[in-house]
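Engineer: show me how the following folds:
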Amino acid sequence: MEILVVVLVVIDLLLAAVTLGVVLRERRPGGGTGSDASGAGVREAVDALRPDLYAQQSAIGERLAQSAGLMDQRLQSLTESLGLELARLRQDNAQQLDRMRATVDERLHSTLEHRLGESFRTVSERLEQVQQGLGEMHSLAADVGGLKRVLTNVKNRGGLGELQLERQLADCLTPDQYATEVVIRPGSAERVEFALRLPGGDDHRPVWLPIDSKFPQEDYERLLAAQEAGDQAAADRAGRELERAVRVQARRISEKYVVPPYSTDFAIMYLPTEGLFAEVLRRPGLVSDLQSSLRVLVSGPTTLMALLNSLQMGFRTLAIEQRTAEVWEVLAQAKTEFARYGQVWERLARQLQTAQNTVEEVGRRTRAVQRRLRDVEAGPDDALTGPEAGTASSGPSARD
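Structural biologist: Just a heads-up that it's a prediction; the model follows:
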C-alpha cells in the first residue's frame, strides 16, 4: 500500500513539473526578453500552480491518512487472524508433539528394555564363559605346575622321555622288532631302555641297536633364560654346560650299551624335544665328535621318526628276502616231488604195459583153446558120417 501512495505522489509531481514547463514555454517571448521578465513569469506560474499543489498535497495527505487507516485495519485483522492461526497451529503442534513424545517414549522404553535384556543376557553369558575360562586356566595352571614338578624330578623327567620314545617306536615298528629293558652285555646288570632287534648271523641271535633317552633340562633352561635376558656371557656359559652334560651322557651310553657283536657298533641318544635337539646341533662339532669318538648318534623326535621309517623299510626288504628263500626252497621240494611223481608214472606205465601184454597173451591163448575145442567138437561127426555128414554139418558150424 505504501508503495502505491509513493507512486501516486511521484506521478503528481511529474504532472506538476510538466505543467510548469508548458506554462513557461508559452509565456517565453519570441524575440528573447531579459531575465526580469522571465523571473516574473516564473513566479507568476508558481503562484498560479501553488493552490493546485496545495490541493494535491491535501488530497495526497487525505489519501495517505485513509490508506494508513485501511492499512491499520487490515493489519489488525491480519494480526488477529494470524494470532488465531498461530494459536491453532501451536495447539495442533503441541498435540502432535505430545503424541510423538508418547510414541517415542513407548518405543524407546520397549527398545531399551529389549536391548538392556539382551545386553544383560549377553553379559551374563560372557561372564559365565569368562568364569569357565578362569576355571580352565586354574586347572591348566595346576596341570602346568604338576608338569613342572614332574620335570624338576630327574627320574620323572626320564620317564617322560621314555614314554615319548616308546610311543614313537610303537607307531613305526611292530612289537617283535624292538624290546624294552634289554641286557646287551652278557652277565651285565646294565639294561638299556629300548633296543631294536636286527637280524644276526648264522646262529640266529639278534643284534641289538641301543636307544637311550636323555633330557638335560636344567642346563637347557638356563641357556634359554640367558638368551631371553640378552646376557651373552651367561648364554655362552650355559651352552658349555649343556655341551658337557650331553658329552657325559653320550659317554655313559657308549660304555654301557655299545658292545659288538651283541650290539651294533653305534647307539642312539634320544633327545625328547626339538628345541633341545636344535640347540645341540648348534654347538660346533659336537654331533660329529660324538659320532666319531663315542659312536653315539644324537637324534630328536623328527630325525628318529625318519630313522625308524628307514629301518622299517629294511625290515620289510629282509622279510621279502626271507620269503623269497622260503619260496625257492618250496619250489625245490616241489621239483623233487614232481620228479618222483614222474618216476611213479613211469612205473605205472610199465606195469600197465605188462598187464596189457598179459591180457593180449590171455586173449591169444583163449582163441587158441577155442579153436582146439571147435576142432574137437567137429571131429566125431566127421568120423561117423563121412564126407556128407561133414558137408551137412558145415552149415551149422558156419552159423555158429
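
Engineer: quick one: distance of stretch 293-307 to the chain centre.
Structural biologist: When C-alpha coordinates are averaged (Cα atoms, centre = their mean, to the nearest Å), stretch 293-307 and its chain have centres 31 Å apart.

Engineer: quick check: next helix or strand after the worst-scoring helix or strand of the chain on mean pLDDT?
Structural biologist: Of all helical and strand segments in the chain, the minimum by mean pLDDT, DSSP states H and E falls on helix 2-27, at a mean of 64. Scanning the chain past helix 2-27 towards its C-terminal end, the next helix or strand to appear is helix 35-152 (assignment: DSSP states H and E).

Engineer: ok, which stretches of the stretch 151-300 of the chain are helices?
Structural biologist: Along the stretch 151-300 of the chain, counting by DSSP state H, counting those that start in this stretch, helices occupy 154-172, 217-229, 232-257, 274-282, 286-289.

Engineer: and residue 188, which of these is closest to it?
Structural biologist: Each of those was scored for nearness to residue 188 using Cβ to Cβ, and the closest is helix 232-257 (8.0 Å). In this view, the C-beta of every residue, glycine as well, is placed from N, C-alpha and C.

Engineer: where in the stretch 301-400 of the chain is pLDDT low?
Structural biologist: Where the stretch 301-400 of the chain drops to pLDDT under 70, the residues are 315, 318-319, 321-323, 325-328, 379-400.

Engineer: relative to residue 373, which of the helices of the stretch 151-300 of the chain is closest?
Structural biologist: For those, distance to residue 373 was read as Cβ to Cβ. The smallest value, 92.2 Å, belongs to helix 154-172.

Engineer: one step back: kindly reformat the helices of the stretch 151-300 of the chain as JSON lines containing distance to residue 128, mean neighbour count and mean pLDDT.
Structural biologist: Below are the helices of the stretch 151-300 of the chain laid out as JSON lines (distance: least, Cβ to Cβ, whole Å; neighbours: other Cβ atoms under 10 Å; pLDDT from 0 to 100):
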{"stretch": "helix 154-172", "distance to residue 128": "36", "mean neighbour count": "15", "mean pLDDT": "72"}
{"stretch": "helix 217-229", "distance to residue 128": "37", "mean neighbour count": "16", "mean pLDDT": "84"}
{"stretch": "helix 232-257", "distance to residue 128": "45", "mean neighbour count": "17", "mean pLDDT": "89"}
{"stretch": "helix 274-282", "distance to residue 128": "38", "mean neighbour count": "16", "mean pLDDT": "87"}
{"stretch": "helix 286-289", "distance to residue 128": "53", "mean neighbour count": "16", "mean pLDDT": "88"}
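
Engineer: turn those helices into CSV, columns for distance to residue 74.
Structural biologist: Output for those, formatted as CSV (distance: least, Cβ to Cβ, whole Å):
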stretch, distance to residue 74
helix 154-172, 107
helix 217-229, 95
helix 232-257, 102
helix 274-282, 101
helix 286-289, 114
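
Engineer: so which of the ones you listed is nearest residue 320?
Structural biologist: Put simply, out of the helices of the stretch 151-300 of the chain the one that sits nearest residue 320 is helix 154-172, at 18.4 Å, with distance taken as Cβ to Cβ.

Engineer: so who does the closest residue to residue 270 other than its chain neighbours touch?
Structural biologist: Setting aside the residues directly before and after it, residue 270 is nearest to residue 213 in space (Cβ to Cβ, 6 or more residues apart in numbering), at 4.5 Å. By Cβ atoms under 8 Å, 6 or more residues apart in numbering, the residues touching residue 213 are 158, 161-162, 164-165, 193, 270-272.

Engineer: farthest-apart pair in those residues, please.
Structural biologist: Using Cβ to Cβ, these reach their maximum pairwise distance at 193 and 271, which is 13.5 Å.

Engineer: same drill for the two, tell me which one is more crowded.
Structural biologist: Higher neighbour count among residue 193 and residue 271: residue 271, with 26 against 19, using other Cβ atoms under 10 Å.

Engineer: excluding covalently adjacent residues, which one is nearest to that one?
Structural biologist: Nearest residue to residue 271, sequence neighbours excluded (Cβ to Cβ, 6+ apart): residue 277, at 4.5 Å.

Engineer: contacting residues around the one you found?
Structural biologist: If you count contacts by Cβ under 8 Å, 6+ apart, then residue 277 has 271, 298-301, 303 around it.

Engineer: of these - the most surrounded one?
Structural biologist: The most crowded member of the contacts of residue 277 is residue 271, carrying 26 neighbours; neighbours defined as other Cβ under 10 Å.

Engineer: surely that one and residue 278 touch.
Structural biologist: No. When contacts are counted by Cβ atoms under 8 Å, residue 271 is not listed as touching residue 278 (9.4 Å).
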